[in-house]
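J.: sequence and predicted structure are below.
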Amino acid sequence: MISFVNDYSENAHPDILNALIETNLEGNVAYSGDEHTERAAKLIRKKIKKEDAEIQILMGGTQTNLIAACAFLRPHEAIIAVPTGHICIHETGAVESTGHKCIEVKGCAGKVTPQDIEEACGPQHWDHAGILCVKPRMVYISQTTEVGTVYTVNELRELRRICDKYNLLLYCDGARLASALDCSDVTLLEMAELCDAFYIGGTKNGALFGEALVIINDSLKNEFRYIAKQRGGMLAKGWLLGLQFEILMSNNLYERIGKHQNEMAKHLKKGLIELGIDFTVDSPSNQLFPILKNSVLDKLNEEFAYEIISIIDEQRTGIRLVTSWATKKCDVELFLKRLKEEIYHE
């Protein structure tokens, strides 16, 4: 079975597995006080050119978002996000379980817009509600978004401008940041310039597990690790996280993984377009959302795995195809070959 379900179905990039084997008998300091974690943090600071950035490597995306909300917000403060935002639909209400409400805004192509923030924070809201409602304090975005789109530098600058207007924090979920760095004009330097905090995703970018939270805003750094520990985020064997990011941040491996993911997705997308396939959203990243006939999918199910996203009508279904660091060109071509055969057989 060839899987296009997600970008974390395989264990880890060989460079990471080799490093884990080579360091297996090392004696490391616990709770991320080890040399691997320190070197990973230095490499990240060098890439973003922020020597004073606080780096904390955590286990997973949901945990990272939850801990960030707990650490950055006061009890009455809330987070602005689009309905497709990961914290709104795919984290079992983790953020809201901490008492911080998610304020859903309409968005556009999976992205928060300045107009969304104006509507959530402007006088048309506060003149009528005021302290009767939770207070918006943080804007949550994803790069790439959950529907595969990406923010441009200009869009991020506009979000920064409106966040500053309403004294909001700008926080970015970078679960698929490697793909975004390859297919958008936003670099790590601009992420660090425009966001108060963001994380560099590892789980979906070649690591066994791990997300590197980067805190830029000085006001958010104080006693962060106490909250991370309280919320179960401080792994005793923290060097396992640090070592993986030490490898990912070396020799442009992270960037090379993003490039490969996108090259495989481009090849897949080109073939789908040539077959006349429509998409629910136009994605430039490693997530594709084609619409296929149910009768065709029934046949593809015998060889390929994918995720069902939406029921278009009685005859068609919207699915998601995701490429990863491990996706082979021959697997993409086999999928396109089988799809072509089934379409023509129809």
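T.: Ah, there it is. All values derive from a computational prediction rather than experimental measurement.
J.: give me the mean pLDDT for the helix or strand where residue 65 lies.
T.: Residue 65 is located in helix 61-72, with elements delineated by DSSP states H and E. The average pLDDT within helix 61-72 is 97.
J.: can you name the element that comes right after it?
T.: Reading on from helix 61-72 to the C-terminus, the next helix or strand found by DSSP H and E is strand 77-81.
J.: next structured bit after that next one?
T.: Assigned by DSSP H and E, the successor of strand 77-81 is helix 86-89.
J.: what residues sit buried inside that next one?
T.: Neighbour-count burial for helix 86-89 flags 86-88 (criterion: 16 or more other CB atoms under 10 Å). Heads up, the C-betas are built off the backbone N, CA and C, glycines and all.
J.: now that helix, how far from the centre of its chain.
T.: Averaging C-alpha positions (CA atoms, centre = their mean, to the nearest Å) puts helix 86-89 12 Å from its chain's average.
J.: so where do the strands sit in the protein?
T.: Listed in chain order, the strands of the chain (DSSP state E) span residues 2-3, 54-58, 77-81, 102-104, 135-142, 169-173, 197-201, 211-215, 278-279, 287-288, 290-293, 304-305, 307-311, 316-322.
J.: one step back: of all the buried residues of helix 86-89, which comes closest to residue 178?
T.: Minimum distance to residue 178 across the buried residues of helix 86-89 is 16.4 Å, recorded for residue 86 (CB to CB).
J.: the residue lying closest to residue 13 once chain neighbours are set aside: neighbour count?
T.: Computed as CB to CB, 6 or more residues apart in numbering, the closest residue to residue 13 that is not its neighbour in sequence is residue 206, at 3.8 Å. As a burial measure, residue 206 scores 30 neighbours (other CB atoms under 10 Å).
J.: hang on, residue 206 packs against residue 12?
T.: Yes - counting by CB atoms under 8 Å, residue 12 is a contact partner of residue 206 at 6.3 Å.
J.: quick one: pLDDT of the residue nearest the centre of the chain?
T.: Nearest to the mean C-alpha position of the chain, by CA atoms, centre = their mean, lies residue 175 at 2.3 Å. For residue 175, the pLDDT comes out at 98.
J.: need the phi and psi values for it.
T.: Main-chain dihedrals, residue 175, degrees, to the nearest 10: phi -50, psi -40.
J.: the nearest residue to it once chain neighbours are set aside and residue 332, how far apart?
T.: Spatial nearest neighbour of residue 175, excluding adjacent residues (CB to CB, 6+ apart): residue 201 at 4.1 Å. According to CB to CB, to the nearest Å, residue 201 stands 22 Å off from residue 332.
J.: higher neighbour count, the two?
T.: A direct count of neighbours by other CB under 10 Å for residue 201 and residue 332 places residue 201 higher, at 30 against 23.
J.: give the contact list for the more buried one.
T.: Contact analysis of residue 201 by CB atoms under 8 Å, 6 or more residues apart in numbering lists 61, 173-178, 211.
J.: what does residue 218 give?
T.: residue 52.
J.: and the longest helix anywhere in the chain, average pLDDT?
T.: Criterion DSSP state H: the longest helix present in the chain is helix 253-274. Here helix 253-274 scores 98 as its mean pLDDT.
J.: other SSEs contacting that helix?
T.: helix 177-183, helix 239-248, strand 287-288, helix 329-345 (3 or more CB pairs under 8 Å, 6 or more residues apart in numbering; DSSP states H and E).
J.: the shortest one: how far from the chain's middle?
T.: So that's strand 287-288. The chain centroid and the centroid of strand 287-288 are separated by 13 Å under CA atoms, centre = their mean.
J.: list the contacts of stretch 104-114.
T.: So stretch 104-114 is contacted by 80-85, 88, 116-117, 119-120, 139-142, 145-149, 151, 155, 158-159, 161-162, 281 (CB under 8 Å, 6+ apart).
J.: still on that earlier bit, is it true that the residue nearest to the centre of the chain touches residue 204?
T.: Yes - between residue 175 and residue 204 there is a contact at 5.3 Å, judged by CB under 8 Å.
J.: returning to what we had before: write the PyMOL selection for whichever of the contacts of residue 201 are buried.
T.: With 16+ other CB under 10 Å as the criterion, this PyMOL line picks the buried residues out of these:
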select buried, resi 61+173+174+175+176+177+178+211
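J.: that older thread, so the residue nearest to the centre of the chain versus residue 225, what's the distance?
T.: Residue 175 is 22 Å from residue 225, by CB to CB.
J.: just residue 131 next, same as before
T.: Distance, residue 131 to residue 225, using CB to CB: 32 Å.
J.: can you check the pLDDT for residue 124?
T.: At residue 124, pLDDT is 64.
J.: er, residue 346 actually
T.: pLDDT, residue 346: 64.
J.: could you do residue 309 as well?
T.: As predicted, residue 309 sits at a pLDDT of 94.
J.: list the contacts of it.
T.: By CB under 8 Å, 6+ apart, residue 309 lies in contact with 280, 289, 318-320.
J.: what's the closest of those to residue 31?
T.: Nearest to residue 31 among the contacts of residue 309, with distances taken as CB to CB, is residue 320, at 36.8 Å.
J.: and the residue nearest to the closest one when sequence neighbours are not counted, how many neighbours does it have?
T.: In this structure, residue 320 finds its nearest non-sequential neighbour in residue 307, 4.5 Å apart by CB to CB, 6+ apart. Neighbours of residue 307 under the rule other CB under 10 Å: 15.
J.: between residue 131 and residue 225, which has more neighbouring residues?
T.: Set residue 131 next to residue 225 and count neighbours by other CB under 10 Å: residue 225 wins out with 17 against 8.
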